[in-house]
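Quick one, structure for this:
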Amino acid sequence: MLSQVKKIFEMVTEMFAASPSEKDSVAAVLENVKSEIREIRANIDAVNDSDVLDMYIYRLKAAEAQYRHLLKMAKENNSKQKIG
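Predicted structure coming up:
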């Protein structure tokens with residue numbers, strides 16, 4: 001169980017450390033995260049094992065947090081572009 005938690009923590013850390021590059025707009029990354037959230041939710045519906053279900057729930061929470069973070073970035077970038 002500890003190794004699963006460690007893997008999830010590493011995954012979340014990587015997700016937040018990876019900021020969109022110049023060629024990837026925040027909007028494109030948002031779409032990828034939305035797609036990932038839909039995929040995770042579909043997987044949750046098909047899971048029978050409680051440990052696997054826990055893993056998907058942690059992944060879902062991480063993806064939702066990443067989505068909220070990216071939305072904030074998009075709003076900030078949008079307001080900066082209007083000002084500048």
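
For this protein, which residues score under the pLDDT cut-off?
For the chain, applying pLDDT under 70 flags the ranges 1-2, 4-24, 79-84.

got the residue ranges for the strands in it?
Under the criterion DSSP state E, the chain contains no strands.

can you map out the helices along it?
2-17, 26-46, 50-83 (DSSP state H).

With mean neighbour count added, can I get those helices in a markdown table?
Every C-beta, even on glycine, is put in place using the N, C-alpha and C of the backbone. As requested, the helices of the chain are exported to a markdown table (neighbours: other CB atoms under 10 Å):
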| stretch | mean neighbour count |
| --- | --- |
| helix 2-17 | 12 |
| helix 26-46 | 14 |
| helix 50-83 | 14 |
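
what are the phi and psi angles of D49?
Torsion angles at D49 (phi, psi; degrees, to the nearest 10) stand at phi -90, psi 130.
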